[in-house]
Structures are given as C-alpha cells and as structure tokens.
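Chemist: coordinates only, sequence not included:
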C-alpha cells in the first residue's frame, strides 16, 4: 500500500498545501517541483537570506536525535537561512548517562547557560526546538524564555511519555501535560512517523509536518558483503541494547546450526551467552563501515507505547548500506520495511528464526533484498529527498513571519 504523507500547513500567517506521497512514480513526477532528482543532498547555492533560525537541540553531536533531526540539515538550510545551533546538554551528559554515572553536574551546567540561550532566542526570527527547550521544567518556563518568538517543535519518539507515564506523581502533575500546551502554541510541529503525527494532532498541534529521520547517503558508500561467518548487525546505545535479549533463543539456535556472529555497534560490553558477540564502540566516522561488515541488520522491539513511537532509523541505516533488515512489526518499522522485498517483519521467535535462516542460507536473497533496500533508502529516506522539502517549508514560514511583523508596528521591539 502506498503511503500518503499529507503535509497540509494551515499557518496563522498563510495557507498552502504540499503533498509528499511515498510512491516512486509520484516522486518521479514531482521531482521537478520538489527537486527530488538526486538522492544526495543538493549542493549549497547562493541565495538571499530569508530570515534567521535558532536550532535548539537537546544534545550535542553525540546525541543521535539532535544530530539527525536538526544538525545534519544546517549546511543545506544555510543556503537561504541564517542559522545558529545551540545544544542544551553537552556530550558530557550523554557520556554520564550511557556510563551509568551521576548526571546532575552536567545538567546543572546546562542551566547555567540559560541566560545565553535567552539572548540567542532574541537574535532570531524563528526557534526550532528538539523536543523541549528546558528539560524537567514546566511549559510556563519555556514560554517565558521564548517570549514572543515563533517556534517549531521536533519529535522523533514518544518523548511525552517520559513525563506522562512517570512513576512520580509529582512529575505527572507538574509536567504530564507540558507538551499539550507547547504543541498548541507552536507555529509548526515536525514529527518522524505516523504514530507521532496522530499524537500531535490529538494534542492540538495545528500545523504538522511528517518528516522521517533520514541518512546522508554520502556517508554510506556501497561496499561488498563481507567474507566469513554469517554476521548479524545491530546498532544502538547501551540503553537500548536490552532489546536484543528478546532474540536470545533464535540466535542461539542459529549459532548451534552454523557459524554465526552478532556485531553490536554502540553498546560496548554487551554479551549474549551461546552466541559469538563482537561489541564495537560507536562513532560517526565508523558506523557505516561497521554496518558493511554485516550480512543483515536487525531491530527487535516490544509492542509497547514507547516502542511504537520509535522512528526505525537503524533500519534505514542498514538499507542505505544495501543490507536487508529484519524488524519487529511495531510502529514505523511497518512502514520502512517492505517485508519480502527489502527485508522481513518478524512477529515472533519462530519468524525471526526462519527469516534469519533464509538470509543466512541464500547469498542471492541477501543481495537482491539489499539492492532493493538501498533503492528504497535513496527514494524515501535520504537527505536529498527531505532537505528540499524542509528548506521550502522553513523559508515559507519565515517569509510569512516577516510579512506579519511588517504589518505590526514595533513587533520586533516588543520581543
């Protein structure tokens, strides 16, 4: 079934419609209008600066969501927009989180920088926020900090559940409806999948853009399949490696039948008794080369509310490297994987066993599915597809903001 992403923007400043349909024939037909002709990002070109934008990411370069949802677009948006990037939490916070260490000090340092953040907000016409501007504080604090600056919210997972489903009654009372208030005041909400689209709509967001998390194909050169034993790849963080435990039984069975290796990227020290595991630390420079050492990639997930909000980025990484992907049929995974064509969806242990065995036993199947996966990544999940859409959206929004302010005397002084 073809996927329809209806991107209907009813801005308070103007109204325009744009349909992006995940259908190769449609994309080809629309390539002239949306500049989809090349799967690689368009080369920056000289253009009049249409406004200024502050990208307020939650994390620095170590945070995948910050890096992929906002930061990777900056070189392409900068061709028409003046951009400043300010991470809230620095990489020392994530290092402490992944290492199980005390995080209060790096968090406190982040809040000591809030005065600088306020000054930065006042310098720009539009604010693009990853998830929230001030973690652990109520929406009123964020609105005071933002003043009258229009803002965009960006979500790649079900972040609101961290507050709404907190075991702390105090957290639920103070922050449980934080995102409802922020969504209703946003000029635009950008979400990575349909689950988040429906959530944002139900919470009162007026203008929603569904933009999947994508790869920069220039960082994913095609490399041949490796020699040696059948190697299954997984990429993630120490916090998400526990999802692999659900595959212990099928992986042990496969390991008992023939040589097998599980290559775990980003969770050093992970082990699975009965299975040969190679754990490698993650770095942006080596992630594609490590995926290339695998014959197939996996993404097991439980069918939970949190997992249904995930965006399936690791599947897109496998596909970009022309590796078939096997995933649990949860949330965005159902949309990303064309089961039987680019990989498989596996609902239970038996399906995981059978699908992994089929890929292990047939290099031709792996090659055929891998090629189809790469084509799908090029057409629907590459920076070359989404960057022009985002640039057009933001420049249109900034233009409407400028027009609105021009009609309002002293609007900028009021900020």
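Modeler: Looks like it came in fine. Since this is a predicted model, take the numbers as computed values, not measurements. Residues are numbered from 1 along each chain as shown.

Chemist: Please identify the buried residues of the helix ranked longest in the chain?
Modeler: In the chain, with assignment by DSSP state H, the single longest helix is helix 383-406. Buried positions in helix 383-406, judged by neighbour count with 16 or more other CB atoms under 10 Å: 383-398, 400-401, 405. Quick note: C-beta positions are derived from backbone N, CA and C, even for glycine.

Chemist: Repeat that for stretch 226-236.
Modeler: 230-236.

Chemist: what residues does that stretch touch?
Modeler: The contact list for stretch 226-236 (CB atoms under 8 Å, 6 or more residues apart in numbering) reads 241, 243-244, 251, 254, 258-267, 276, 282, 287, 290-299, 314, 317-318, 323, 356, 359-360.

Chemist: how about the strands in the stretch 301-415 of the chain?
Modeler: 325-327, 343-345 (DSSP state E, counting those that start in this stretch).

Chemist: Please identify the deepest-packed of these.
Modeler: Across the strands of the stretch 301-415 of the chain, averaging neighbours per residue (mean count of other CB atoms under 10 Å) puts strand 325-327 on top, at a mean of 27.

Chemist: Any idea how far that strand is from the middle of the chain?
Modeler: 17 Å (CA atoms, centre = their mean, to the nearest Å).

Chemist: Kindly report the same for stretch 390-405.
Modeler: The answer for stretch 390-405 is 23 Å, by CA atoms, centre = their mean.

Chemist: Same check on stretch 216-228?
Modeler: Chain-centre distance of stretch 216-228: 21 Å, with CA atoms, centre = their mean.

Chemist: Helices along the stretch 151-300 of the chain, start to end?
Modeler: For the stretch 151-300 of the chain, the helices defined by DSSP state H, counting those that start in this stretch cover 161-164, 169-175, 178-185, 194-202, 248-257, 287-292.

Chemist: how far does stretch 50-69 stretch from start to finish?
Modeler: 21 Å (CA to CA, to the nearest Å).

Chemist: same thing with stretch 318-329?
Modeler: Distance between the boundary residues of stretch 318-329 (CA to CA) amounts to 17 Å.

Chemist: In it, which residues are buried?
Modeler: Residues 318-328 are the ones in stretch 318-329 that count as buried (16+ other CB under 10 Å).

Chemist: show me where the stretch 1-150 of the chain has strands.
Modeler: 3-10, 15-22, 52-56, 82-85, 126-130.

Chemist: coming back round to it: now the strands of the stretch 301-415 of the chain in a markdown table, with mean pLDDT and distance to residue 181?
Modeler: A markdown table is the format used below for the strands of the stretch 301-415 of the chain (pLDDT from 0 to 100; distance: least, CB to CB, whole Å):
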| stretch | mean pLDDT | distance to residue 181 |
| --- | --- | --- |
| strand 325-327 | 98 | 34 |
| strand 343-345 | 98 | 37 |
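
Chemist: Perfect, that will be all.
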